[in-house]
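# build the 3D model from these lines:
(one chain, ligands or ions: 1)
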Amino acid sequence: MTSSNTNTNPNVPFTLNKYHVSEEYGFLLPLPRTDLPEYYQPWMKIARNLTDLIESHTLRNEVNKLPLLDTGYLQGHRELRLARMALSFITMGYVWQEGEHGIVKTLPRNLAIPYCALSRLLDLPPILVHADGALSNWKKKNPRGPMEIENLDLIVCLPGGDSFKGFFLVTLLVELAAVPGIKAMAAVINAVLEWDDRSLKRALEDLASSIQSMTEALKQMHAHVDPATFYGMIRIFLSGWRDNSSMPEGLVYEGVQEDPWHYSGGSAAQSSVLHCFDELLGVRHGKDSAAFLSRMRDYMPSSHKQLVLDISTGPSLRHYVLDAGKPELTGAFNGCVAQLVALRNYHIVVVSRFITVPTARARERRSRAEPSAEILTRAPSSLEERGTGGSGVMSFLKSVRDTTKAAAIPWDGNKTPTA
Ligand code: HEM
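Okay, the predicted model is just below:
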């Protein structure tokens, strides 16, 4: 393929703007609002005090006393996102206030009605999603300071103290590390559309380097999150009412619908980043994993989900690289695949430390019937084998890692690569 200077393709340039993806913040909501107008203070007052209200077992009482507020006075996307995020967090606290044995079956109308109205407006399901907890729940301590963990804070928290903050802020840093990769992805698509091999190689190298930075950012989880606190305290508040044996009947949203609804809990599997990179590189996951990941797309903001879909139906990078038969393009393509495998391998290490090892410890303690107040044994047993998104954890993650490996283009160094 040769470089073309005259662009006659109507799809060029491919841009991220129409998908509400920012050049600076990627999928993060840029500079989220941190407060709502006076009328909505009853929501914000509860949202700001969730940890105390849950620990004193008074959150449900406070929510039951809430006035039924009209969502019609909220203005603009950022205000809607903050209002929805506050109600998402309040909902998780309300459902899980008493742990897995004291759950409620109904979300009261004064919470359920505005929450479902906002969720419909934003085209998101009425449960806490990655786009609430990680993408729109952040502020800078010093507005002129850097996007570094020391200068970042959450707007709304649940129990778990510094570990809760650490969990969402490190997740945010992983999203931020993906920003150059998201831009490189657009450059890759444009280079393929324009048959510009030199730009394509450079963009693929940028993408690989961004995925590597995501792995580096993920490593910070160990410094900022305590595994026992994550396992025994935080995880339950992120879990949902689908594929969860603690809530087999789902949740009734009073005043919205009489039958219960079933929704998966919050998970970074709902982040659009790896969905985009997988589609770009032509990673094809096995049937069950693909079905789970495809369901997770319904928990993304609709414009981000649209981006994933448009990449999946766009020109095939993989075929382009195969047809070109150039070692430098195949090498750059395989470099991206290798970094994606490394990221998924490291994620498995993290999951092992934060879920598998604490699960084994908690089981051991329970089997010895130790009268221990240790945080681990407070963990919900229904989540032992499952992620908060509801997946069977390790087999899923390993299958996804292995199908990523299989996306590399075989290359013996002499002849044309084989499909
Ligand atoms: C303590 C930290 C973490 C734990 C314990 C954890 C756990 C899990 C679990 C259990 C799953 C399976 C899906 C589910 O049921 O939820 C999952 C999937 C996933 N997680 Fe994490 N996760 C952590 C941090 C992160 C971070 C920071 C990211 C990146 C933003 C991330 C990205 C993903 C992705 C993309 C998937 C879908 C599988 C894949 O595409 O490889 N995770 N995670």
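
# where in this protein is pLDDT low?
By pLDDT under 70, the low-scoring segments of the chain are 1-11, 369-374, 377-378, 382, 384-391, 413-419.

# can you list the residues of it near the ligand?
Counting by C-beta under 6 Å from any ligand atom, the residues of the chain close to the ligand are 167, 170-171, 174-175, 218, 221, 225, 230, 267-269, 271, 274, 344, 347, 350-351, 354-355, 387-391, 393, 396, 400. Heads up, the C-betas are built off the backbone N, CA and C, glycines and all.

# quote the end-to-end distance of stretch 20-36.
End-to-end distance for stretch 20-36: 22 Å, by C-alpha to C-alpha, to the nearest Å.

# other residues contacting it?
16, 43-44, 74, 78-79, 81-83, 86, 131, 134-139, 155, 172, 175-176, 178-179, 182-183, 271-273, 301, 303-304, 307 (C-beta atoms under 8 Å, 6 or more residues apart in numbering).

# tell me the buried residues in the host helix or strand of residue 215?
Take DSSP states H and E as the rule and residue 215 turns out to sit in helix 197-218. By neighbour count with 16 or more other C-beta atoms under 10 Å, helix 197-218 contains the buried residues 197, 199-208, 210-215, 217-218.

# repeat for stretch 130-150
Buried, per 16+ other C-beta under 10 Å, within stretch 130-150: 130-138, 149.

# if we can go back for a sec, which helices and strands sit right next to the helix holding residue 215?
helix 161-177, helix 179-194, helix 272-281, helix 327-351 (3 or more C-beta pairs under 8 Å, 6 or more residues apart in numbering; DSSP states H and E).

# helices along the stretch 51-200 of the chain, start to end?
59-64, 76-96, 109-122, 130-133, 161-177, 179-194, 197-218 (DSSP state H, counting those that start in this stretch).

# what is the fifth one packed up against?
Using 3+ C-beta pairs under 8 Å, 6+ apart as the contact definition, the elements that helix 161-177 packs against are helix 130-133, strand 152-153, helix 197-218, helix 221-224, helix 227-229.

# same deal with the third one?
The elements that helix 109-122 packs onto, with contact taken as 3+ C-beta pairs under 8 Å, 6+ apart, are helix 59-64, helix 76-96, strand 252-253.

# the last one: how far from the chain's middle?
Mean C-alpha position of strand 252-253 versus that of the full chain (C-alpha atoms, centre = their mean, to the nearest Å) differs by 24 Å.

# and the gap between residue 319 and residue 187?
To residue 187, residue 319 is 18 Å away according to C-beta to C-beta, to the nearest Å.

# so for the protein, the centremost residue is which one?
Geometric centre of the chain, nearest residue: residue 268, 2.8 Å, by C-alpha atoms, centre = their mean.

# give me the phi and psi for that one.
Dihedral angles of residue 268 (phi, psi; degrees, to the nearest 10) stand at phi -70, psi 0.

# I'd say it and residue 171 touch.
Yes. With contact defined as C-beta atoms under 8 Å, residue 268 counts as touching residue 171 (5.9 Å).

# which one of residue 319 and residue 187 has more residues nearby?
residue 187 (19 against 12; other C-beta atoms under 10 Å).

# what sits against that one?
199, 202-203, 206.

# closest one to the ligand out of these, please.
residue 206 (19.0 Å; C-beta to the nearest ligand atom).

# who touches the closest one in this structure?
Residue 206 touches 180-181, 183-184, 187, counting by C-beta under 8 Å, 6+ apart.

# let's see 7 Å
180, 184 (C-beta atoms under 7 Å, 6 or more residues apart in numbering).

# ok, now how distant is it from residue 342?
16 Å.

# ok, now residue 299?
Taking C-beta to C-beta, one finds residue 299 at 26 Å from residue 342.

# next one: residue 134
22 Å.

# now tabulate the helices and strands packed on helix 197-218 in CSV and tack on distance to residue 364.
What follows is the helices and strands packed on helix 197-218, written out as CSV (distance: least, C-beta to C-beta, whole Å):
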stretch, distance to residue 364
helix 161-177, 22
helix 179-194, 41
helix 272-281, 33
helix 327-351, 19
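
# so which of those is nearest residue 409?
For the helices and strands packed on helix 197-218, distance to residue 409 was read as C-beta to C-beta. The smallest value, 5.2 Å, belongs to helix 327-351.

# quick one: that closest one to chain centroid distance?
19 Å.

# then stretch 156-171?
14 Å.

# sort out which residues of that stretch are buried, please.
Taking 16+ other C-beta under 10 Å as the criterion, stretch 156-171 shows 156-160, 163-171 as buried.

# next: stretch 60-70.
60, 62-63, 66, 69.

# hmm, back to that, was I right to think the residue nearest to the centre of the chain contacts residue 170?
No. Applying C-beta atoms under 7 Å, one finds residue 268 not in contact with residue 170, separated by 10.4 Å.

# got a list of what residue 250 touches?
Contacts of residue 250 (C-beta under 7 Å, 6+ apart): 241, 260-262.

# at 8 Å instead, please
By C-beta under 8 Å, 6+ apart, residue 250 lies in contact with 241-242, 260-263.

# ok, the residue lying closest to it once chain neighbours are set aside - how many residues close by?
Leaving aside its sequence neighbours, residue 250 sits nearest to residue 260 (C-beta to C-beta, 6 or more residues apart in numbering; 3.4 Å). By other C-beta under 10 Å, 16 other residues sit near residue 260.
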